[in-house]
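Enquirer: Starting from these lines, generate the structure:
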Amino acid sequence: MSKVNTIMLELLKLFPRYEFEKLVSRYSGNHYTKYFTGWQQLITLLFAQAGRKDSLRDIETSLSVQYSKWYHIGLRGIKRSTLSDAMRERPYEIFEGLFYKLLEKCRSVTPKHRFKFKNPLYTLDSTVIDLCLSIFPWATFRKRKGAIKLHYLYDHSGSLPSFMTLTDGRHHDIRVARQEEKLDFALLPDSILSIDKAYIDYNWLYSLNKRNVFFVTRVKNNMQYEVIGQHKPIKNKQVDRDDIVQLTGFYTKQKYSGDLRIVGYTDPETGKHYEFLTNNWKLSAKTIADIYKSRWQIELFFKWIKQNLKIKSFLGTSPNAVLTQIWVAMCYYLLLTYIKYQTKYAYSLTELGRMVREVLMERTNLIDILSLNAKTIKKAREPDPQLALF
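Expert: Got it, this is the predicted structure:
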């Protein structure tokens, strides 16, 4: 038997097994379990994510074909009904906790954001995933349409999702921002948060200001304010204003009583004019505009996870099954991110995911395939002899 382990086992070794078992114990994840433990479920779901399997039958068949290699990954058996029961019953909080453990590991190797300032830079936004209302009746969005909404705090250092929560499609973004304690915990003092107009709630913005968290957003068209002075002389030709203002609306000035800064900026590429609202007084007006422009990175992140992770078709219809699959998908994203930055992989995450998928159950070293590409990946395949048909 070959002494080289499979790629699948090397991926599993990146998980903090001890921390995972503590999470399973905390949430009684193995209660009344004969053999399909939380770790067995994680192996199965990671295989489904990396191999892009679409259904319970697809997972069962694919793993059955690889039966001779179960020894290497520690899987004891797989049945559709058992996996379905686990998706419905085993608490998703186990995999949520695993995500945050992996996040700590990733932060140790990811690079900093591209700006010159040292403040942590985040973007808060959400994306909607459409669901069939007849299959997911708990995910009501409109009268004849179902959907769930994923809310992310995107860390520009390493393109990491530092915070994630799932709500129904009708849940307004600002409600998550106001109520989530984990989001407050992630936003440390001196952090800079880029948000769109959906998050403008002056009570919440003032709470950020009191915690010394800086925000950058767009000015609402109906915002009532008065200019009380100019912040700094204008030196950039794209910047036409840099003013100190105070809110004058009857209710808004009670919610946010401090001074604010408005930066007017014209995009040289499109010619469009924008006005940004911030409580940061140190950064230049051009940098404020660039911070808001960098929000586009979270849109690229949303596009990537929808195209490359299995978060649009689900292995179960219950809320617990959907949440479990999404959290495991995000764990897989963190694994790919960790591998890319730890090994200084030269290509994209998409290319890395394709490479891993092609050799997932092959007996080869992960580090060996990172120097290959789509044309040379066949060199990493296991040279097992095959019987001739004729």
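Enquirer: which residues sit against the helix or strand of the chain with the lowest mean pLDDT?
Expert: Taking mean pLDDT, DSSP states H and E as the measure, helix 70-73 is the helix or strand of the chain with the lowest mean score, a mean of 78. The list of residues contacting helix 70-73 from outside it, by Cβ atoms under 8 Å, 6 or more residues apart in numbering, reads 5-6, 8-9, 12, 43, 47, 63, 76, 363. From N, CA and C alone the C-beta is placed, and that goes for glycine too.
Enquirer: Can you give me the neighbour number for Y338?
Expert: Burial of Y338 is recorded as 21 neighbouring residues (other Cβ atoms under 10 Å).
Enquirer: And the strand or helix carrying I244, what does it pack against?
Expert: Using DSSP states H and E, I244 falls within strand 239-247. Using 3 or more Cβ pairs under 8 Å, 6 or more residues apart in numbering; DSSP states H and E as the contact definition, the elements that strand 239-247 packs against are strand 225-230, helix 252-255, strand 260-266, helix 285-293.
Enquirer: Turn these into JSON lines, including mean pLDDT and distance to L335.
Expert: Putting the helices and strands packed on strand 239-247 into JSON lines (pLDDT from 0 to 100; distance: least, Cβ to Cβ, whole Å) gives the following:
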{"stretch": "strand 225-230", "mean pLDDT": "94", "distance to L335": "47"}
{"stretch": "helix 252-255", "mean pLDDT": "94", "distance to L335": "42"}
{"stretch": "strand 260-266", "mean pLDDT": "96", "distance to L335": "39"}
{"stretch": "helix 285-293", "mean pLDDT": "95", "distance to L335": "29"}
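Enquirer: So which of these is nearest Y67?
Expert: Nearest to Y67 among the helices and strands packed on strand 239-247 is helix 285-293; the distance by Cβ to Cβ comes to 51.7 Å.
Enquirer: Please list all residues in contact with the residue nearest the centre of the chain.
Expert: Note on the chain: the residue nearest the mean C-alpha position is P161, at 3.6 Å, using Cα atoms, centre = their mean. P161 makes contacts with 103, 152-155, 301, 330, 333, as judged by Cβ under 8 Å, 6+ apart.
Enquirer: let's see it at 6 Å
Expert: With contacts taken as Cβ atoms under 6 Å, 6 or more residues apart in numbering, P161 has the following neighbours: Y152.
Enquirer: could you give the mean pLDDT of the one helix or strand A177 maps to?
Expert: The secondary structure element spanning A177 is helix 173-179 (assigned by DSSP H and E). Averaging pLDDT along helix 173-179 gives 91.
Enquirer: in that helix, what counts as buried?
Expert: Burial within helix 173-179, assessed by neighbour count using 16 or more other Cβ atoms under 10 Å, is assigned to 173, 176-177.
Enquirer: JSON lines for those residues, including distance to Y199?
Expert: Formatted as JSON lines, the buried residues of helix 173-179 follow (distance: Cβ to Cβ, whole Å):
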{"residue": "D173", "distance to Y199": "6"}
{"residue": "V176", "distance to Y199": "9"}
{"residue": "A177", "distance to Y199": "6"}
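Enquirer: Going by distance to I291, which of those wins?
Expert: Using Cβ to Cβ, A177 comes nearest to I291 of the buried residues of helix 173-179, at 17.9 Å.
Enquirer: Identify the residues contacting that closest one.
Expert: Under the criterion of Cβ under 6 Å, 6+ apart, the contact partners of A177 comprise 199, 204.
Enquirer: Residue numbering should commence at 731 henceforth.
Expert: Renumbered: residue one is now 731, and that last one reads A907.
Enquirer: element containing T1054?
Expert: With DSSP H and E as criterion, T1054 is part of helix 1049-1073.
Enquirer: can you give me the offset of that helix from its chain's centre?
Expert: What separates the centre of helix 1049-1073 from the centre of its chain is 8 Å, taken as Cα atoms, centre = their mean, to the nearest Å.
Enquirer: by contact count, what packs against it?
Expert: In terms of contacts (3 or more Cβ pairs under 6 Å, 6 or more residues apart in numbering; DSSP states H and E), helix 1049-1073 is packed against helix 768-781, helix 810-819, helix 823-837, helix 1079-1088.
Enquirer: L977: which of these is closest?
Expert: helix 823-837 (36.5 Å).
Enquirer: which is the next helix or strand following the closest one?
Expert: Once the chain leaves helix 823-837, the next helix or strand it forms, by DSSP H and E, is strand 851-861.
Enquirer: Kindly format the C-alpha coordinates of that next one as CSV.
Expert: The C-alpha atoms that make up strand 851-861 are tabulated as CSV, following Å, rounded to 0.1, in the frame of the first residue of the first chain:
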residue,chain,number,x,y,z
LEU,A,851,-10.6,47.7,6.8
TYR,A,852,-14.0,46.0,6.5
THR,A,853,-17.1,46.1,4.2
LEU,A,854,-20.5,45.1,5.5
ASP,A,855,-23.1,43.9,3.0
SER,A,856,-25.5,41.1,2.2
THR,A,857,-26.5,38.9,-0.7
VAL,A,858,-29.7,37.0,-1.5
ILE,A,859,-30.0,33.3,-2.5
ASP,A,860,-33.3,32.4,-4.2
LEU,A,861,-35.1,29.3,-3.0
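Enquirer: tell me the angle of it relative to helix 1049-1073?
Expert: Between the direction of strand 851-861 and that of helix 1049-1073, the angle (axes from the mean of the first three to the mean of the last three Cα atoms, to 10 degrees) works out to 140 degrees.
Enquirer: quick check: angle from strand 851-861 to helix 1015-1023?
Expert: Put simply, strand 851-861 runs at 20 degrees to helix 1015-1023, going by the same axes, to 10 degrees.
Enquirer: buried ones in the helix or strand following strand 851-861?
Expert: Read in the C-terminal direction, the helix or strand following strand 851-861 is strand 870-872, with elements assigned using DSSP H and E. Judged by neighbour count (16+ other Cβ under 10 Å), strand 870-872 contains these buried residues: F871.
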